[in-house]
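Novice: how would this look folded up:
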Amino acid sequence: MESEAEKTFHRFAAFGESSSSGTEMNNKNFSKLCKDCGIMDGKAVTSTDVDIVFSKVKAKNARTITFQQFKEAMKELGQKRFKGKSPDEVLENIYGLMGGKDPATAGTTKATAVGAVDRLTDTSKYTGTHKERFDESGKGKGIAGREETTDNTGYVSGYKGAGTYDKKTK
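Specialist: As a prediction, this is how the structure comes out:
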């Protein structure tokens, strides 16, 4: 079981760190391992507990932990997670949770559909001069929708009797 846990440790240690060799793990990846493997349950073991244990096992001036220090941290977190069990049972349970796990990337960043974007880009709700730039289907008219074209008929734009002068004079 320990070899499986060590493989998981190395996968999480190298996760997100292009320069990392996978032999030492930082606090961010340690927290991610605890969350992804189910060691951090939010009740018995919280993110604060994980951070405190990480700080306890690392060297005073270091920012990372080795696999040996990681095992110490797992013993301590295991005592909180599985209360009333022997230290050997606790380690077996922790390693069981870690078995074959990889760092999860799915669902970490969710794309949200914001209602304002849909509302602002709905051409059927446009009014005034902006309405003139799109046809009924919402497709843009291009240059015809942006430029005012003159019709050169000699009538003002709002005149309702346009084209009737010749009929009256004859």
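
Novice: In the record's domain split, what are the boundaries for the chain?
Specialist: According to the TED database, the chain comprises the domains 4-98, 115-145.

Novice: Just name the most buried of the ones you listed.
Specialist: Compared across the domains of the chain, domain 4-98 shows the largest average neighbour count, a mean of 17 (mean count of other CB atoms under 10 Å). The C-beta positions use only the backbone N, C-alpha and C, and glycine is treated the same way.

Novice: And the average pLDDT for that domain is what?
Specialist: pLDDT averaged over domain 4-98 equals 87, rounded to a whole number.

Novice: At which residues are the helices of this structure located?
Specialist: Secondary structure of the chain, counting by DSSP state H: helices at 2-14, 27-36, 47-57, 67-81, 87-98, 115-120, 143-146, 165-169.

Novice: In a markdown table, list those along with distance to residue 137.
Specialist: Converted to a markdown table, these look like this (distance: least, CB to CB, whole Å):
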| stretch | distance to residue 137 |
| --- | --- |
| helix 2-14 | 51 |
| helix 27-36 | 47 |
| helix 47-57 | 51 |
| helix 67-81 | 59 |
| helix 87-98 | 55 |
| helix 115-120 | 17 |
| helix 143-146 | 13 |
| helix 165-169 | 37 |
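
Novice: Nearest to residue 126 among those would be which one?
Specialist: In terms of CB to CB, the element of the helices of the chain nearest to residue 126 is helix 115-120, at 9.8 Å.
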